[in-house]
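Q: generate coordinates for the sequence data below:
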Amino acid sequence: MARRQTLYLVSAVFGAEVAKWSRDLFEPVLFAGCYALILVLFLASAVLLYFVELPRPATPVLTGGGRPLREIAMEPSFIAAAVAGMIAYGVMSLVMTATPIAMLDCGHEFAAAAFVIQWQCALKARIISGGGFHPDNCR
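A: Residues are numbered from 1 along each chain as shown. Got it, this is the predicted structure:
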């Protein structure tokens, strides 16, 4: 769990720093450098993943037939989980997109907006890794 939280924090810091560095790369077109750098990072990761050799998992032996997907999808617990996930993802997308735009519109520098996104990602890493908001976990 600590490894996952560390990876979230590294990606939060790395992503914002890359955005700050590449924002004016193709000036006068703002943020074109960010998109170009994202493409380069994506292609580099795709090349690296091409060479990763993962062992094939053993084929599971099913002792009985599983339930049909339709039956699972009609359960109230599945519907609640799916709706909660959709709402959470929508809110997260709104907050992560609207926050820097609003900050820039209010006259804050881009570096300040990137810093806020870093902290949002760090908080998300804390929540996802099971830290939650309990005061005992804020050490």
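
Q: low-confidence ranges, this protein, go.
A: In the predicted model, the chain carries pLDDT under 70 at residues 1-2, 124-139.

Q: let me see the ranges of the helices in it.
A: 2-22, 32-50, 69-73, 76-105, 110-128 (DSSP state H).

Q: is it possible to get a markdown table of the ones you listed that adds mean neighbour count and distance to Pro60?
A: Placement of C-beta: from N, CA and C, glycine included. Converted to a markdown table, the helices of the chain look like this (neighbours: other Cβ atoms under 10 Å; distance: least, Cβ to Cβ, whole Å):
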| stretch | mean neighbour count | distance to Pro60 |
| --- | --- | --- |
| helix 2-22 | 15 | 25 |
| helix 32-50 | 12 | 25 |
| helix 69-73 | 9 | 17 |
| helix 76-105 | 11 | 22 |
| helix 110-128 | 16 | 28 |
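
Q: can you list these in TSV and add distance to Leu62?
A: TSV is the format used below for the helices of the chain (distance: least, Cβ to Cβ, whole Å):
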stretch	distance to Leu62
helix 2-22	30
helix 32-50	30
helix 69-73	15
helix 76-105	21
helix 110-128	32
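
Q: closest one to Arg56 among those helices?
A: helix 32-50 (16.2 Å; Cβ to Cβ).

Q: the inter-axis angle of that closest one versus helix 2-22?
A: Using axes from the mean of the first three to the mean of the last three Cα atoms, to 10 degrees, the direction of helix 32-50 lies 140 degrees away from that of helix 2-22.
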